[in-house]
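Peer 1: what would the 3D arrangement of this be:
(chains A and B)
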2 protein chains.
Amino acid sequence: MNNTSAWREYFVATDEQGLHVLAEAASLAVRSLDQPHEGPRTSLAPSQLRAGVRALEVCAREGVALATVLEELGTAVWAHGVRPLDVACVAHLHPPSVVPAVVTELTIAASNQSMDSWDQAPVATEVELHLMEFLGRRLGFSDSASGVMTSGGTASNVLGLTLARSWAASTIGVDVLKTGLPEEARRWRFLASDQAHFSVQRAAGQLGLGRDAVVTVASDESGAMDIRALDSALSQLDAQGLVPIAFSATAGTTDLGAIDPLAQIAERARHRGAWFHVDAAVAGAFVMSDVLRERLAGVELADSVTVDFHKLWWQPFNASALVVRDVERFDLLRVRSNYLDRGDELEGMINLVGRSLDTSRRFDAAKVVASLRTIGQRDFAAMLEHLVGLNDYCARRITVGDDFELLAPASSVTCVFDAPGASADDLRRVQQELLAEGAMVLGRTEIRGRAALKFTFMNPLATFEDVDELLRVVAQRLHRR
Amino acid sequence: MNNTSAWREYFVATDEQGLHVLAEAASLAVRSLDQPHEGPRTSLAPSQLRAGVRALEVCAREGVALATVLEELGTAVWAHGVRPLDVACVAHLHPPSVVPAVVTELTIAASNQSMDSWDQAPVATEVELHLMEFLGRRLGFSDSASGVMTSGGTASNVLGLTLARSWAASTIGVDVLKTGLPEEARRWRFLASDQAHFSVQRAAGQLGLGRDAVVTVASDESGAMDIRALDSALSQLDAQGLVPIAFSATAGTTDLGAIDPLAQIAERARHRGAWFHVDAAVAGAFVMSDVLRERLAGVELADSVTVDFHKLWWQPFNASALVVRDVERFDLLRVRSNYLDRGDELEGMINLVGRSLDTSRRFDAAKVVASLRTIGQRDFAAMLEHLVGLNDYCARRITVGDDFELLAPASSVTCVFDAPGASADDLRRVQQELLAEGAMVLGRTEIRGRAALKFTFMNPLATFEDVDELLRVVAQRLHRR
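Peer 2: Next up is the predicted model:
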C-alpha cells in the first residue's frame, strides 16, 4: 500500500547504501552552484526574481526527482543570489564562507543533533562546551567562564541583557522571569553609545523596559563611546533617581567599527554593581590575533560577551555565542521542564536548554571547530590582519584623494564616507543603481544624521588593487549625476 | 608574505576549481559519517565523550588538513551522536532528516545569503515569502497572510506573543516596544492549557509580564484544553479585573500530542478582542494530509501560528515559521535602522528584518522548499499518516496488554504510559539505563504529577513490529527491578 521503498530514499541513512545516496545528492547540490555569473549578483529586478521563484510549485501532489529540484534551485535561486566572495560585495558584515564549515553543515544536518538535551546531543553537548570554553579563555576569562551558541548577534545581545535584567532584579529579591517587572523597573536603564547596534534597543523593547529605557551616550569622532559623555549621563541618571542596570559596550560598531573604552566602562559598571555586557559581534574575532587583540583590552572584565562566528570568523549563518564570565550566571535563566532537563539525570548528562532562550537548537559548534582546526591560528590571524590592512588602506586613499570624504577614522573593517557636494539622494541613487545593475553591493547608512556610503571588508582574498577599483567605480558613478 | 594561495582554498568559490574543491570536501564529509554503529547511540559515558572531544585542540597555531579534521570529527563526534533514524530513538520530537534538505543545507551555507535585507538575499527573500504564503494557504488563511522563518518553535511562540503584547498595548494607544510596559500591564494575562509548551511561560517571562502572568487552564483526559475550564478561568479573570490579552492554544502538545478546541478558543478570543495564537509546532504538518487536516479545524481563525519544519516535516534543525493572518500585523514590530531597511529602496526590494526578532538570518526556507518539492504532497501525507497509525497501534497494544498503562488516549505521534506497580524511580532507572547503554533513547516526563515514559514516533520507516519490539524491551527492563 505505502511506497515505503521511496520513503527509504528520502531519509539520510548511514549504512553503505544510504551514504552512497547522500554522496550522489551532495555532488548534485554542489553542481547546482555552477551558474554563469559576473560580479556580486545578476541584474534581475525584484519582479523578475519573484516570477522565477513563483514558477516553482512548493509541493505538487507528486514529488519531483531530486536532481531536477536541485537543478531548478540552481537556475532560479543560486544563479541570482548575492555572492559574498565577490570583491564588490562590500555592503554588510556578510562574509564569504569557508569550505570546512560548509561541508560540516552537511554532516550537522545529516546527523541532526539537537542541543537542548543531552539525550539528543550527547557528544555535541561536549563539543559546544569545549568551543565555549576555548572562546572564554581567548577572551581572557578564568576557567569559570562558559557560554552558549545562539542564532545571531541580536539573540546573543538579547540573552546577555536578559541576564542583566534578572541580575538587577535578583539584587532586590525579585525573580523577574517569574513575577514580571517590579515597580522599580520604571527606573531601570540600559546604557549604550549612539553607535551601538539596534539590537540593544530591541532587547529593551522585548524585555518590557521599552527602547526609551536605553540611554544613548554620545560617541567620539571615531565612533567609540565618549567616556566623559558617559560620566555626564551617569550624573544625570543619579539626579533623576534612575538606575543603570546594564552597561552595554560595543567592540566593533556596525558602521564605524569602533571599539568602546571597555576597561573604563567596566570600572563604572562595577562601581554601581551593574551588569557589564560587551557586544563584540564584530571585533570578537580579534582575540585570534596577537596584533589585534590588545584593542579588546577590558573585554575580560565583562559579565557577558557576544561574539558572532558568522562575521569575521567566516562561518555561514547562523553561528553566534554568548559567553558569560561565570557559568553560574546561567542559573538566572533556568527553568526546569518535565520532558527536558529534569535535573535527575546521570552524572555528566548536561542539558544545555537551561542556558538558552531557545529549545531545539542546531549543532553549529561543529562547523566552527572544523573551521578553526583546519585554518589554524596563524592563517586566521593573518587573514584578519589583512582585512584591517585593506580597510586602513581604503581610509588613506579616501583621505589623500579628492573624490570622497572620510566620516570617521578607520577602526576595523568598515570605511564610511561621503562625497563633497553630493546630496543624500545622490548617494542613494549611486548605491541603488549599482545594486540594481549587479555591479556592486555597496553599503549605505547615516552617521550623526549625515548620509553616507560604506565599504565593509570581509573577504581576505581581496587586494589593495580591488580597493582602488571599488573607489574608482563609485567615484565615476557619482560624477555621472 | 601572506600565504594567500592557501587562503584561496579555505573559501567556497563557484568557479570550476572552487566547485571541484567543494565537491571533494563534501565527499569526505559524507564519508566521515561512515561509522560502526548499532542502536540509537554508542554506550560511551559522558566522561568518555568529554575526553574524546577535549583531545581535539580547537585551534592550534598551524592548521590541520581538512581531510584529517573531518575524519577526527567522524570518530570523535559523529560515531557517538544520537541517530534519529534508529527505530529505538523515540524520546523527543527529534526527526530523522531528509536527503533533499541535508544537501540543500550545503548550498545554503556555500551561498550564505542573509535574510535580513534584500541586498543580502535578493532571490532568497522571494523564496521565503513564497514558502510562507504556501503555508498560509495550507493553514486556510486568505492571501493577506504571510510569515517569517525563525530558529525554532520557542522563537516563533515568543514572536507571536510579542505581537500579541504590542497589539494589546496599541488598543490603549501605547507603543510598548518604545515606552515599555504600561501600568495596565500588571493586569495582562496570557491563557494557555496546563499542557502548553513551556515556551509560553518563557515568553511571558521574557516580555516582562512574568511566568505568573500565564493563566493555566486545565486540560481534559486527552490533554486538550477543557473549554469549560477556560470559561471558568475567564469568569475569574473578569471578577479580578484581569485582562486576557492572548489566548495561546496548542495544536499537538509536547507530551500527549493533544489538539486544543481551536474554533471554540478563537471565538472567546475574538469576543474579547484578544490575540489568538496557535502553537502548531507539532501538528502543523497535518495541513499536508487530507485525512489529518480536519483535526486542525479553527487554526484559520488564529492571528498567528507557529509551525516547526524541524519536527514532522523532517527538516534538520533549525527551521520554524511564524505565520500571521495579515502581513500588516508585522508593522507592530517594525524598527527602521540606518544601515538596513531604510524604507527608501527601489520597488520590490523587501527587507525581512522588519518582521523578525533576529537580524542576520539563515536561508532555511530553501531546504524546506527542496524537500517538499522532492517528496510531494502524496508521499508526505502518507508518511505522516503512517506515524499517526504507528502511534495508534502502540496505544492499542498498551491498552490490551498487562505491562503498561496508557496515561491518555493517543492523539498524534506520542504515547505516554507508566507501568502498574512501578515507582517514578523505577521508570527513571529504566530510561537512564537504556540511554546509558545506548539501547534506546526513551522519553520520560510527568503528566499531572505522575511520572511517565514516552514514545515519540518521528521515523516513517519504523514498522508495527518495531513498536512491538520497543514495548518488549521496556517491559523486560522494568521487570528486572
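
Peer 1: what backbone torsions are found at the residue in the stretch 201-350 of chain A positioned nearest to chain B?
Peer 2: As assessed by Cβ to the nearest Cβ, chain B sits closest to A:Gly208 within the stretch 201-350 of chain A, at 2.1 Å. Bear in mind the C-beta positions are built from the backbone N, C-alpha and C, glycine included. According to degrees, to the nearest 10, the main-chain angles of A:Gly208 amount to phi 90, psi 0.

Peer 1: B:Gly205 is in contact with that one, correct?
Peer 2: No. The criterion here is Cβ atoms under 8 Å, and A:Gly208 misses it with B:Gly205 at 10.0 Å.

Peer 1: and those two? Which one has more around it.
Peer 2: B:Gly205 (28 against 25; other Cβ atoms under 10 Å in any protein chain shown).

Peer 1: ok, and the closest non-adjacent residue to the residue of the stretch 201-350 of chain A closest to chain B?
Peer 2: B:Gly208 (2.1 Å; Cβ to Cβ, 6 or more residues apart in numbering or on different chains).

Peer 1: which pLDDT value goes with the one you found?
Peer 2: Note on B:Gly208: pLDDT of 98.

Peer 1: before we move on, what about the one 3 residues further on?
Peer 2: Here the pLDDT value assigned to B:Arg211 is 97.

Peer 1: likewise A:Val335?
Peer 2: 68.

Peer 1: what's the answer for A:Ala79, then?
Peer 2: For A:Ala79, pLDDT reads 97.

Peer 1: before we move on, the earlier item: quick one, what contacts the residue nearest to A:Gly208?
Peer 2: A:Val176, A:Gly180, A:Leu181, A:Ala185, A:Leu207, A:Gly208, A:Leu209, B:Gly180, B:Leu181, B:Ala185 (Cβ atoms under 8 Å, 6 or more residues apart in numbering or on different chains).

Peer 1: quick check, the lengthiest helix in chain A touching chain B?
Peer 2: Counting residues, the longest helix found in chain A (DSSP state H) is helix A:365-400. Yes. Interface with chain B: helix A:365-400 contributes A:366-367, A:369-370, A:372-380, A:382-383, A:386 (Cβ under 8 Å from any Cβ of the partner chain).

Peer 1: show me what from the stretch 151-300 of chain A comes close to chain B.
Peer 2: Checking the stretch 151-300 of chain A against chain B by Cβ under 8 Å from any Cβ, the hits are A:151-155, A:158, A:162, A:176-181, A:185-186, A:197-199, A:201-202, A:204-213, A:254-255, A:288.

Peer 1: list the residues that contact the closest residue to A:Arg444 other than its chain neighbours.
Peer 2: Nearest residue to A:Arg444, sequence neighbours excluded (Cβ to Cβ, 6+ apart): A:Gln431, at 4.3 Å. Listed by Cβ under 8 Å, 6+ apart, the contact partners of A:Gln431 are A:Leu442, A:Gly443, A:Arg444, A:Leu453.

Peer 1: wait, a strand at A:Arg186?
Peer 2: No. Counting by DSSP: H, G, I helix; E, B strand; the rest coil, A:Arg186 is not found in a strand; it is helix.

Peer 1: tell me which residues touch it, please.
Peer 2: By Cβ under 8 Å, 6+ apart, the neighbours of A:Arg186 are B:Gly180.

Peer 1: the residue of the stretch 351-481 of chain A found nearest chain B: neighbour count?
Peer 2: Chain B sits closest to A:Gly376 of the stretch 351-481 of chain A, with a gap of 3.1 Å, by Cβ to the nearest Cβ. When neighbours are counted by other Cβ under 10 Å, A:Gly376 registers 18.

Peer 1: grab the nearest non-local neighbour of it.
Peer 2: Nearest one to A:Gly376, counting by Cβ to Cβ, 6+ apart, is B:Gly63 at 3.1 Å.

Peer 1: how much space separates that neighbour from B:Leu70?
Peer 2: According to Cβ to Cβ, to the nearest Å, B:Gly63 and B:Leu70 sit 13 Å apart.

Peer 1: and what of A:Thr107?
Peer 2: Distance from A:Thr107 to B:Leu70, by Cβ to Cβ: 8 Å.

Peer 1: tell me which of the two has more neighbours.
Peer 2: Per other Cβ under 10 Å, whichever of A:Thr107 and B:Leu70 has more neighbours is A:Thr107, with 31 against 25.

Peer 1: contacts only, for the more buried one.
Peer 2: A:Ala366, B:Ala29, B:Val30, B:Ser32, B:Leu33, B:Leu70, B:Leu73, B:Trp78.

Peer 1: just flag the most distant two among those residues.
Peer 2: A:Ala366 and B:Val30 (14.7 Å; Cβ to Cβ).

Peer 1: on that earlier part again, which one of the residues of helix A:365-400 next to chain B is nearest B:Ser5?
Peer 2: A:Asp379 (11.3 Å).

Peer 1: burial measure for that closest one, as a count.
Peer 2: The number of residues near A:Asp379, taken as other Cβ under 10 Å, comes to 20.

Peer 1: now swap in A:Ile227 and tell me
Peer 2: Using other Cβ under 10 Å, A:Ile227 has 16 other residues around it.

Peer 1: for the stretch 201-350 of chain A, which segments count as helices?
Peer 2: A:227-240, A:262-271 (DSSP state H, counting those that start in this stretch).

Peer 1: let me redo that: the stretch 351-481 of chain A
Peer 2: Using DSSP H, counting those that start in this stretch, helices in the stretch 351-481 of chain A cover A:365-400, A:424-437, A:464-479.

Peer 1: out of these, nearest to A:Leu322?
Peer 2: Among these, helix A:365-400 sits nearest to A:Leu322 (Cβ to Cβ), with 13.1 Å.

Peer 1: tell me what angle that closest one forms with helix A:464-479.
Peer 2: Orientation of helix A:365-400 against helix A:464-479 (axes from the mean of the first three to the mean of the last three Cα atoms, to 10 degrees) gives an angle of 60 degrees.

Peer 1: now do helix A:365-400: which elements does it pack against?
Peer 2: With contacts taken as 3 or more Cβ pairs under 8 Å, 6 or more residues apart in numbering or on different chains; DSSP states H and E, helix A:365-400 sits against helix A:99-111, helix A:122-138, strand A:405-406, strand A:414-418, helix A:464-479, helix B:4-10, helix B:66-76.
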